[in-house]
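Novice: need a structure here:
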Amino acid sequence: MSTSSDSQQLRKQRVAAAAVAELTEGMILGVGTGSTVNAFIDALGPWASRLAGAVSSSEASTTKLRALGIPILDLNDTDGLGLYIDGADETNGDLQLIKGGGAALTREKIIAAAAARFVCIVDESKLVSTLGSFPLPVEVIPMARNLVARQLQLLGGQPRWREGVITDNGNHILDIHGLHITDPVALEQRINQITGVVAVGLFAARPADLLLIGTADSVRRISRSD
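Specialist: Numbering: from 1, shown residues only. Modelled structure (predicted):
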């Protein structure tokens, strides 16, 4: 008898295969971070020699991509990316996302901004009507952690330091609990203006272009152009 974890893994594998179908020959690919992205990287084997290279958002993804023989490029050495594939901790129907559960949100935001297309891959448990049930990550300069936390409290949330976690950029993460995000773009802009904030895990000003949702028996597609 299959377990719920087996079912979830099958959904991730199904949506990963759908993401592979979005690749084109010779492209430079942006690759994100997380368990669903790991399933995508596992499916990239046949494409290892067909890609010009990849730009990765985390050391963990870089290690997996290198093991497949895919060249890892510095974003500064490219003219931009054709496609960025990444997961999300939450998504709404407008393809606005909460990301950063893996503490790679700043690099993920940079890669998303550099990509012509951003395809987000999730299982159906991540689709919500209103963002905020998943604590919103904010990457902060370490010396400003308490300063930023006090400002975040004024927004109505409860920031908690993700103690013991240091980002690949050498910074700290504050997770904001208890938010009900009705205007993701406005909240993203407001948090970005707090001195000491490096990046906030709201991907609303630059949402995904295509959302691929793994369900029990298929992959659902939601496009911004729909």
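
Novice: what's around the nearest residue to Gly45 once chain neighbours are set aside, how many residues?
Specialist: Spatial nearest neighbour of Gly45, chain neighbours left out: Leu68 (6.0 Å); criterion: CB to CB, 6 or more residues apart in numbering. In this view, the C-beta of every residue, glycine as well, is placed from N, C-alpha and C. Leu68 has 16 neighbours, counted by other CB atoms under 10 Å.

Novice: again, but for Val185
Specialist: 15.

Novice: ok, it - contacts?
Specialist: Gln96, Ala204, Ala205 (CB atoms under 8 Å, 6 or more residues apart in numbering).

Novice: Just confirm the last one contacts Glu188, I think it does.
Specialist: Yes: the pair Ala205 and Glu188 qualifies as a contact (CB atoms under 8 Å) at a distance of 5.6 Å.

Novice: Looking at these two, which is more packed in?
Specialist: In this view Ala205 and Glu188 are compared by other CB under 10 Å, and Glu188 has more residues nearby, 21 against 14.

Novice: In the protein, where is pLDDT below threshold?
Specialist: When residues are selected by pLDDT under 70, those of the chain lie in 1-6.

Novice: which residues in it form strands?
Specialist: 28-31, 53-56, 83-86, 90-91, 97-98, 118-123, 136-140, 158-161, 172-177, 197-200, 202-203, 210-214, 219-223 (DSSP state E).

Novice: and those strands as JSON lines, adding mean neighbour count?
Specialist: Listed next are the strands of the chain as JSON lines, based on neighbours: other CB atoms under 10 Å:
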{"stretch": "strand 28-31", "mean neighbour count": "26"}
{"stretch": "strand 53-56", "mean neighbour count": "24"}
{"stretch": "strand 83-86", "mean neighbour count": "25"}
{"stretch": "strand 90-91", "mean neighbour count": "24"}
{"stretch": "strand 97-98", "mean neighbour count": "30"}
{"stretch": "strand 118-123", "mean neighbour count": "26"}
{"stretch": "strand 136-140", "mean neighbour count": "28"}
{"stretch": "strand 158-161", "mean neighbour count": "16"}
{"stretch": "strand 172-177", "mean neighbour count": "21"}
{"stretch": "strand 197-200", "mean neighbour count": "22"}
{"stretch": "strand 202-203", "mean neighbour count": "28"}
{"stretch": "strand 210-214", "mean neighbour count": "25"}
{"stretch": "strand 219-223", "mean neighbour count": "14"}
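
Novice: JSON lines please, covering the ones you listed and showing distance to Leu44.
Specialist: Shown next, in JSON lines, are those (distance: least, CB to CB, whole Å):
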{"stretch": "strand 28-31", "distance to Leu44": "8"}
{"stretch": "strand 53-56", "distance to Leu44": "9"}
{"stretch": "strand 83-86", "distance to Leu44": "10"}
{"stretch": "strand 90-91", "distance to Leu44": "23"}
{"stretch": "strand 97-98", "distance to Leu44": "22"}
{"stretch": "strand 118-123", "distance to Leu44": "13"}
{"stretch": "strand 136-140", "distance to Leu44": "26"}
{"stretch": "strand 158-161", "distance to Leu44": "35"}
{"stretch": "strand 172-177", "distance to Leu44": "28"}
{"stretch": "strand 197-200", "distance to Leu44": "26"}
{"stretch": "strand 202-203", "distance to Leu44": "23"}
{"stretch": "strand 210-214", "distance to Leu44": "15"}
{"stretch": "strand 219-223", "distance to Leu44": "17"}
